[in-house]
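Chemist: Need coordinates for the below:
(chains A and B)
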Amino acid sequence: MEEYGGGDLLSEAMGSAARVVVVEDCVEAPGAFVLHLLLKRALASGGAAAFLALAQPFTHYDRILRKMGCNLSLHRRNERLHFFELQAFPAGARNGAIADSLVRLYSEIQRVAEATRTEENAGQFTVMVDDITLLEVAAHGSVDDVLDFLHYCVTLTSEMNCWLVILIHEDIYAGEENMGLLLHLRHIADLVVKAAPLSTGLAADVHGQLSVVNKGTFNKQRANGQKVWNFHFKVKENGADFFYPGSRH
Amino acid sequence: MAEPIVRCLRDGRLDGEHSPALAVGGSLQCCQLAAGAMLHVAAALASQAAAGKAQARGLVVVVFDRSPEVYLEFMRRRGLDTNALNRCVRILDCYSDPLGWKQKIQNQQHRENSTKQFPANKDNITVFRNVKDVKKLMCSITEIGGGFEGEGKQYFSIAVDSISSMLRHASVPSISGLLSNLRSHEPVSSIFWLIHSDLHEPKVPRAFECLSTMVACVEPALVDPVCVESPGNLSVLEQNYSKAKFIVRLKRRNGRVKHFYEELYVEGTDVKFDSAPSVMTEVNQSLVPKVQFNLELSEKERTDRANVVLPFEHQGKGEPIRIYDGRRSLPEDQRDSNLAPALVDEIAPKSGTAKGEIHYVRDSDDEQPDSDEDPDDDLDI
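Modeler: Below you'll find the model as predicted:
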């Protein structure tokens, strides 16, 4: 199992054993840059990805990833990237047919995952969701339907060489009593990456802090490594820097 | 290693009684460890069944949260070979296709009417595709459980991982009904399940605890008094993901409740139990601030403190207490009056027994009460 490229703190913290990654963010510290980084790494070295875009159109990601040195249009043409434009999801579905739309969406994802797996030199397959909060909105608030869909995506991670990366906005659920979808996701996740602002407020050189909790799984060989990480990040045009507090001048 | 509960599950049911039931409860902070506890109990029970030491011939594991391979791999690492697994472990797979979506997709793709309710299964794994139908689930469990070979009465044990996932598809009454029915079902020797307490209202895990005869709570090893969510408390979080408290309550038939406490920790890909309560002392020590001077008392200091005679009138010993007020020397002292009273006792201890004393000198006797003098008279304002 190859690691998520790059020799930086994020890839070290994520390791290689985790399958289900949940990225949490908030308004003060957006976590979309983590998704962009992971997408770039997923497409590197022969891997393939299915990107469920509910937040932004393709042009947005294309522009950002191009500055990071990754040509999404090319990958899409080569069928390494399967881009699902879901801003209008579920188009035309009535209230009761949300589940059917999700089944159809899942079947598409399963189809591309299976197609990638049968290829020669098949690399890792990554399913990314940006973001799950919008999927809940599209499902008219039906957490059960969203969780059913996510469960089936999780089964792909155990049946095929597949990763699942989900972005969720933590501050939307913070006020609720039972935290709904967020708590379920934290339970499902093998790895939680949380982007938060600095307690000292805004800064020019540091855009926030990342906490990485690697819960570990019982079905993978992994050393008794560190499970909890915390470091600072700075988002740049061509990527992001990760560093421990006080280690940059 | 959680011996009492494994023993209880292994021994199974007595004639005329319902089977013993264990509820394993965990929360988000230690959900991996709670899962580890389930894996451990399942593997231990399967080993006992394979060795012929359990009432049950085999174990039926109903999996919702994890792939069946996780259980089988864990059991293999615990020493169960393929033969033993095939003989004594059956998995009802509600993880791979709980709502039948994959079968629906397959049907649409192939457009052939080759649907069987249970298509070709791997050796001991049966895929279940309709988790909303609790009655059908019960039938499948009892059908699979009845398939174990062996001599004597046909008993089997059941593990459910997890009730929390079941509750997403069916109501609390229907699932508690399922568990009750399974407990009273003759061939069921014992049953245990996992529930994530924080995913439900508090009354839901309690309702399932009432159905059980044993409750095992997996709780975080260290509780951060400030805030669990704050990323600053890394060491606390790190500890809580590596080990947890395993607290067991065993309800006996005579109504008495027995408590056990162990420490549960992860070692590589295995989970282990430790009966030594080392966690408690660690927590106590961390509450004392680390400073350069000694805030604690040694044994000698503690005994000396206990021996100090306090200057209260009513010590309860029945002796007359004299409070030394500095004007008269105590009868025992025949010393130079220049020496401070406290020093006298230190230099010449009496009769070998160390006796501490407090000498209280009243300094207010010189002053007449209700004096007309203004105490601030000497101020130059």
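
Chemist: Report the central residue of chain A.
Modeler: The residue lying closest to the centre of chain A (Cα atoms, centre = their mean) is A:Val165, at 2.8 Å.

Chemist: Torsion angles phi and psi at that residue?
Modeler: Backbone geometry at A:Val165, expressed as degrees, to the nearest 10, gives phi -120, psi 120.

Chemist: measure it to A:Val22 for me?
Modeler: According to Cβ to Cβ, to the nearest Å, A:Val165 stands 8 Å off from A:Val22. (Glycine included, C-beta is placed from N, CA and C.)

Chemist: Same check on A:Leu72?
Modeler: Distance from A:Leu72 to A:Val22, by Cβ to Cβ: 23 Å.

Chemist: A:Pro90 too?
Modeler: From A:Pro90 to A:Val22 the distance is 23 Å (Cβ to Cβ).

Chemist: More neighbours: which of the two?
Modeler: The neighbour comparison of A:Pro90 against A:Val22 (other Cβ atoms under 10 Å in any protein chain shown) goes to A:Val22, with 24 against 19.

Chemist: name the element the more buried one belongs to?
Modeler: Per DSSP states H and E, A:Val22 falls inside strand A:20-25.

Chemist: counting contacts, what elements does the following helix or strand past that strand pack onto?
Modeler: Counting by DSSP H and E, the element after strand A:20-25 in chain order, helix or strand, is helix A:32-43. With contacts defined as 3 or more Cβ pairs under 8 Å, 6 or more residues apart in numbering or on different chains; DSSP states H and E, helix A:32-43 has these neighbours: helix A:9-14, strand A:20-25, strand A:48-53, helix A:58-67, strand A:125-130, strand A:162-169, strand A:239-243.

Chemist: Would you mind telling me which of these is nearest chain B?
Modeler: Chain B sits nearest to strand A:20-25 of all those, at 10.7 Å, using Cβ to the nearest Cβ.

Chemist: Which residues does the closest one contact?
Modeler: Strand A:20-25 is touched from outside by A:14, A:31-32, A:34-35, A:38, A:154, A:157, A:163-170, A:182, A:185-186, A:188-195, with contacts defined as Cβ atoms under 8 Å, 6 or more residues apart in numbering or on different chains.

Chemist: ok, the longest strand anywhere in chain B: who's next to it in the sheet?
Modeler: When chain B is parsed with DSSP state E, its longest strand is strand B:257-267. Here strand B:257-267 is paired, per DSSP bridges, with strand B:243-251 (antiparallel), strand B:270-274 (antiparallel).

Chemist: got those strands as JSON lines, with mean pLDDT columns?
Modeler: Listed next are the strands paired with strand B:257-267 as JSON lines, based on pLDDT from 0 to 100:
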{"stretch": "strand B:243-251", "mean pLDDT": "88"}
{"stretch": "strand B:270-274", "mean pLDDT": "84"}
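
Chemist: Just name the most buried of these.
Modeler: Most buried of the strands paired with strand B:257-267 by mean neighbour count (mean count of other Cβ atoms under 10 Å in any protein chain shown) is strand B:243-251; its value is a mean of 21.

Chemist: any residue of stretch B:171-184 up close to chain A?
Modeler: No - if you take Cβ under 8 Å from any Cβ of the partner chain as the test, stretch B:171-184 misses chain A, and the best it gets is 12.6 Å.

Chemist: Now find how far off-centre that stretch is within its chain.
Modeler: Distance, stretch centre to chain centre, for stretch B:171-184: 25 Å (Cα atoms, centre = their mean, to the nearest Å).

Chemist: quick one: buried residues of that stretch?
Modeler: Across stretch B:171-184, burial judged by 16 or more other Cβ atoms under 10 Å in any protein chain shown covers B:Val172, B:Ser174, B:Ile175, B:Ser176, B:Gly177, B:Leu178, B:Leu179, B:Leu182, B:Arg183.

Chemist: secondary structure element for the second one?
Modeler: Here B:Ser174, judged by DSSP H and E, is contained in helix B:172-184.

Chemist: and after that helix, which helix or strand comes next?
Modeler: Counting by DSSP H and E, the next helix or strand C-terminal to helix B:172-184 is strand B:188-196.

Chemist: how much distance is there from the helix or strand following that following strand to the middle of the chain?
Modeler: Sequence order places helix B:203-210 as the next helix or strand after strand B:188-196, per DSSP H and E. Centre-to-centre, helix B:203-210 and its host chain are 17 Å apart (Cα atoms, centre = their mean).

Chemist: Parallel or antiparallel, list what pairs with whichever helix or strand comes after helix B:203-210.
Modeler: For helix B:203-210, the succeeding helix or strand toward the C-terminus, using DSSP H and E, is strand B:214-220. Here strand B:214-220 is paired, per DSSP bridges, with strand B:21-26 (parallel), strand B:243-251 (antiparallel).

Chemist: so how many other residues sit close to A:Met68?
Modeler: Neighbour count of A:Met68, defined by other Cβ under 10 Å: 16.

Chemist: quick one on the thing from earlier: would you reformat the strands paired with strand B:214-220 as JSON lines and include distance to B:Ala43?
Modeler: Output for those, formatted as JSON lines (distance: least, Cβ to Cβ, whole Å):
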{"stretch": "strand B:21-26", "distance to B:Ala43": "14"}
{"stretch": "strand B:243-251", "distance to B:Ala43": "16"}
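
Chemist: Flag the shaky bits of chain A, pLDDT-wise.
Modeler: Within chain A, the stretches with pLDDT under 70 are A:1-6, A:92-96, A:120-121, A:177-178, A:218-225, A:248-249.

Chemist: Sorry, slip of the keys, the one I care about is chain B.
Modeler: Looking at chain B by pLDDT under 70, you get B:1, B:111-121, B:223-233, B:276-292, B:311-354, B:362-375, B:377-381.

Chemist: What parts of it come near chain A?
Modeler: Of all the residues in chain B, those lying near chain A are B:28, B:31-32, B:35-36, B:39, B:67, B:69-70, B:73-74, B:95-99, B:101-102, B:104-105, B:108, B:168, B:196, B:198-199, B:201, B:231-232, B:234, B:237-238, B:241-242, B:266-269, B:271, going by Cβ under 8 Å from any Cβ.

Chemist: And the residues you listed, which of them are buried?
Modeler: B:28, B:31-32, B:35-36, B:39, B:67, B:69-70, B:73-74, B:95-99, B:101-102, B:104-105, B:168, B:196, B:198-199, B:231, B:234, B:237, B:241-242, B:266, B:269, B:271.

Chemist: Mind listing what's buried along the longest helix along chain B?
Modeler: For chain B, the helix with the greatest residue count under DSSP state H is helix B:31-50. Going by neighbour count (16+ other Cβ under 10 Å), the buried part of helix B:31-50 is B:31-50.

Chemist: Show me what secondary structure element comes after it.
Modeler: Following helix B:31-50 toward the C-terminus (DSSP H and E): strand B:58-63.

Chemist: Specify the angle between that next one and strand B:188-196 in degrees.
Modeler: 20 degrees (axes from the mean of the first three to the mean of the last three Cα atoms, to 10 degrees).

Chemist: Strand B:58-63 to helix B:172-184, inter-axis angle?
Modeler: In terms of direction (the same axes, to 10 degrees), strand B:58-63 departs from helix B:172-184 by 170 degrees.

Chemist: Residues touching whichever strand or helix holds A:Ala115, excluding its own?
Modeler: Counting by DSSP H and E, the element that carries A:Ala115 is helix A:98-117. Here helix A:98-117 makes contact (Cβ under 8 Å, 6+ apart) with A:48, A:50, A:52, A:82, A:84, A:86, A:89-90, A:93, A:122, A:125, A:127, A:138-140, A:142, A:145-146, A:148-149, A:152-153, A:156, A:160-162, B:101-102, B:104-105, B:108.

Chemist: A:Val27 contacts A:Ala174, correct?
Modeler: No - at 11.1 Å, A:Val27 does not count as touching A:Ala174 under the criterion of Cβ atoms under 8 Å.

Chemist: how far away is the nearest residue to A:Ile166 once chain neighbours are set aside from A:Ala44?
Modeler: The shortest distance from A:Ile166 to any non-neighbouring residue, by Cβ to Cβ, 6 or more residues apart in numbering or on different chains, is to A:Val129 (4.7 Å). A:Val129 is 20 Å from A:Ala44, where distance means Cβ to Cβ.
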